[in-house]
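> structural data only, the sequence is not supplied:
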Ligand SMILES: [Zn+2]
């Protein structure tokens, strides 16, 4: 009797532990998620100046209260980072989940709700950082809390990082972490910002996961000549030489080069697109150069982001030269925003630009060192990508499309060190961007229901990758 009683008790305890691991009480979780999300949005961490210590201290306190070992690390005390770790049994290499604590600046006059108010209105939460990146930050934090509370046994350590300075001052954030604290953040896989689920007309259409990103680099065109009186036009006028060089670069589309991610991207996008658009995506993958060229022309005109994904791109964005209408200047300069394919040979590319400029009076150079290192593509046949895809099906019931980011994120530094990184994000309405509610826009917002769904998605991915089997 007693023995049976004990057996029953033991199995009840086991069942309780298992059920707490398997499924958190999502209703209770939602209240807490919203509380942390709003608290983080209310901290003014606009960069510059950053003041990310506000968010770092908040996050550290939440982790401390939960008994999760966490440390603050900083090169500048006002711009601190948090690293926390839940230990696993070491069967697999760690998984890193991260979110950045800084946000871009705001023009308060453009906001209907205060930018650091975290106002709730008709199902949305408004605030700078709502979708960049306090959503990922909150979801990663909640995942840590749930793992700890559920006592989830882990096959690998789960590392949490809240980093400063993603918006243009990586020296205090990811660069510092990779340089000074790499052993504490080193992982097989990482999850961060950069992807997202696209809704159209309120319905989930597809999800993108960022598995690779282009490398930003600056190229300068510097035209030189002899200064002179404007009443006497000169053949050497640097403004004229520079204008020609800029026009030639502007007309130039570097050759198309696909990689595993972009090939899969266009193929999967074609599968879910209307037939006329799908044909362009298929043609861009075609081995027939004429078909590919026509598709490329169409994308450049209609979907410029897709055109950029096909190649290393160069966009002339700044021109300076001259200071008086009656003086021929001795110098004129243009700056190109170059986004290199991750495996581009950077010196060879500079030579290609020189060949396009084709003017000995115009110097072509990289004026500063690269700020983001090239890194390897996250594998689509990896355990992590498969786990993400499966979770996407379970939580969003949609198809996962791997994507190469045309912009840069902090994942670049980790990829540069061999970590396979995946950019994820919550579901947002495709109609919201043009209305001015997207990342870096004049206002920013996220649906509360999608914040909660994103926490569930994070939980699904992290447990399927890290939970002990
Ligand atoms: Zn961001």
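Done, it's in. Here the structure is a predicted model, which means the values were calculated and not measured.

> for residue 375, give me its contacts.
If you count contacts by Cβ atoms under 8 Å, 6 or more residues apart in numbering, residue 375 has them with 342, 411-418, 421. For the C-beta atoms, the positions are set from N, CA and C on the backbone; glycine is no exception.

> now with 6 Å?
Residues in contact with residue 375 (Cβ atoms under 6 Å, 6 or more residues apart in numbering) are 412, 415-416.

> can you tell me which of the residues you listed are in strands?
Using DSSP state E, no member of the contacts of residue 375 sits in strands.

> could you find the closest non-adjacent residue to residue 77?
residue 53 (6.5 Å; Cβ to Cβ, 6 or more residues apart in numbering).

> do you know the pLDDT at that neighbour?
Looking at residue 53, its pLDDT is 98.

> same check on residue 22?
pLDDT, residue 22: 59.

> now the helices for the stretch 351-469 of the chain?
Remark: helices assigned in the stretch 351-469 of the chain by DSSP state H, counting those that start in this stretch are 383-396, 411-415, 448-466.

> just name the most buried of the ones you listed.
Highest mean neighbour count of the helices of the stretch 351-469 of the chain: helix 411-415, a mean of 26 (counted as mean count of other Cβ atoms under 10 Å).

> re earlier: and the contacts of residue 375 as a markdown table, adding distance to residue 428 and pLDDT?
Shown next, in a markdown table, are the contacts of residue 375 (distance: Cβ to Cβ, whole Å; pLDDT from 0 to 100):
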| residue | distance to residue 428 | pLDDT |
| --- | --- | --- |
| 412 | 23 | 95 |
| 415 | 25 | 96 |
| 416 | 29 | 94 |
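
> looking at the residues you listed, spot the one nearest the ion.
residue 412 (12.4 Å; Cβ to the ion).

> my guess is the closest one contacts residue 370, does it?
No: counting by Cβ atoms under 6 Å, residue 412 does not reach residue 370; the two are 9.6 Å apart.

> tell me the residues of the stretch 301-450 of the chain that contact the ion?
The stretch 301-450 of the chain comes close to the ion at no residue, as judged by Cβ under 5 Å from the ion.

> now the strands: where do they sit in the stretch 301-450 of the chain?
313-321, 327-328, 331-340, 362-365, 400-405, 420-423, 427-429, 445-447 (DSSP state E, counting those that start in this stretch).

> what are the pairing partners of the longest one, and which direction each?
By that I understand strand 331-340. Sheet partners assigned to strand 331-340 using DSSP bridges are listed as strand 215-224 (antiparallel), strand 313-321 (antiparallel).

> save the ones you listed as CSV, and put in mean neighbour count and mean pLDDT too.
Formatted as CSV, the strands paired with strand 331-340 follow (neighbours: other Cβ atoms under 10 Å; pLDDT from 0 to 100):
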stretch, mean neighbour count, mean pLDDT
strand 215-224, 20, 97
strand 313-321, 15, 97
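
> out of these, nearest to residue 379?
Between residue 379 and those, the tightest spacing by Cβ to Cβ is seen for strand 215-224, at 19.1 Å.

> what does the closest one rub up against?
With contact meaning Cβ under 6 Å, 6+ apart, strand 215-224 is reached by 238, 241-242, 245, 331-336, 338-340, 361-365, 367, 370, 372, 374, 408.

> could you report the neighbour count for the residue in the stretch 201-350 of the chain that the ion sits nearest to?
Closest to the ion within the stretch 201-350 of the chain is residue 210: 11.4 Å, counting by Cβ to the ion. Counted with other Cβ atoms under 10 Å, the neighbours of residue 210 add up to 24.

> again with residue 248
By the measure other Cβ under 10 Å, the count of residues near residue 248 is 17.

> name the helix or strand for it, please.
In this assignment (DSSP states H and E), residue 248 forms part of helix 238-251.

> what separates that helix from the chain centre, distance-wise?
Relative to the centre of its chain, helix 238-251 is centred 33 Å away, using Cα atoms, centre = their mean, to the nearest Å.

> what's the helix or strand following it packed up against?
Heading C-terminal from helix 238-251, the first helix or strand you meet, by DSSP H and E, is helix 260-271. If contacts are counted by 3 or more Cβ pairs under 6 Å, 6 or more residues apart in numbering; DSSP states H and E, helix 260-271 sits against helix 275-284, strand 400-405.
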